[in-house]
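Undergrad: starting from these lines, generate the structure:
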Amino acid sequence: MTVTIETPRLKLRQPEMGDWEAFAAFLGSDRAQFIGGPYARRDAWRAFAHMVGHWTLRGFGIFVGIEKASSKPFCSAGPWFPEGWPEHEISWSVWTADAEGKGFAYEAALATRDWAYTQLGWPTAVSYVDTDNMRSAALAERMGCVIDPNAARFADDKTVDYDRPYHVWRHPAPDSDGSPEAYA
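TA: This next block holds a predicted model:
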């Protein structure tokens, strides 16, 4: 079953082969610096296969964002929980500079978080954000997240593809009002 989410400006769907070149260009660029990049093309292929395979193995995964106006893939967002992750994550990335600053990542991340809460029944989620990634930190804050100093962390930073400091941003619980209890 193919899963899609429609927002006012975006179609979010499972990754497909037609997304490969845009994804490879993103991972091969400095834009991927906060997620272990830039990647060699063969390593980008492994990351793409990981994203596709996550849907098969877990039944959910990161969605590819297509701007309705252009029909081109340009971002990703969604629930993520590969082997070794301490908690369920809401992930996002914007693949091209021309898509920044337009609220697309916010729109995609909110829609996919809502989907994870309502369709997957997640009671909570986190986002792992590199401490130098100010844009993602601002997005997490805009989404109502707070840094959770008590959150489970990777037992071995070799679990992730890079060895950089990160914050664990806790998303508010489903149907919360944003009060401190919303993050318990």
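
Undergrad: what's the neighbour count on the nearest residue to Ala155 once chain neighbours are set aside?
TA: Spatial nearest neighbour of Ala155, chain neighbours left out: Pro86 (7.5 Å); criterion: Cβ to Cβ, 6 or more residues apart in numbering. C-beta here means a position set from N, CA and C on the backbone, and glycine is covered the same way. By other Cβ atoms under 10 Å, 15 other residues sit near Pro86.

Undergrad: please name the strands paired to the longest strand anywhere in the chain in the sheet, noting orientation.
TA: Scanning the chain for the longest strand, with DSSP state E as the assignment, gives strand 73-80. Partners of strand 73-80 in the sheet, by DSSP bridges, are strand 63-67 (antiparallel), strand 89-94 (antiparallel).

Undergrad: can you put the ones you listed in TSV and add mean neighbour count?
TA: Putting the strands paired with strand 73-80 into TSV (neighbours: other Cβ atoms under 10 Å) gives the following:
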stretch	mean neighbour count
strand 63-67	24
strand 89-94	23
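
Undergrad: contacts for the longest strand of the chain?
TA: Residues from elsewhere that reach strand 73-80 (Cβ atoms under 8 Å, 6 or more residues apart in numbering): 12, 15, 18-19, 22-23, 51, 54, 60-67, 88-96, 99, 104-105, 108-109, 111-113, 115-116, 120, 122, 125.

Undergrad: among those, name the buried ones.
TA: Buried members of the contacts of strand 73-80, scored by 16 or more other Cβ atoms under 10 Å, are 12, 15, 19, 22-23, 51, 54, 60-67, 88-95, 99, 104-105, 108-109, 111-113, 115-116, 122, 125.

Undergrad: the contacts of strand 73-80 in strands, which ones?
TA: The strands, defined by DSSP E, take in Leu12, Phe63, Val64, Gly65, Ile66, Glu67, Glu89, Ile90, Ser91, Trp92, Ser93, Val94 from the contacts of strand 73-80.

Undergrad: contacts only, for the residue nearest to Asp148 when sequence neighbours are not counted.
TA: Leaving aside its sequence neighbours, Asp148 sits nearest to Arg170 (Cβ to Cβ, 6+ apart; 3.8 Å). With contact taken as Cβ under 8 Å, 6+ apart, Arg170 is in contact with Thr124, Val126, Cys145, Val146, Ile147, Asp148, Ala151, Tyr183.

Undergrad: which of the residues you listed lies closest to Phe81?
TA: Phe81 lies nearest to Val126 out of those, by Cβ to Cβ, at 10.5 Å.
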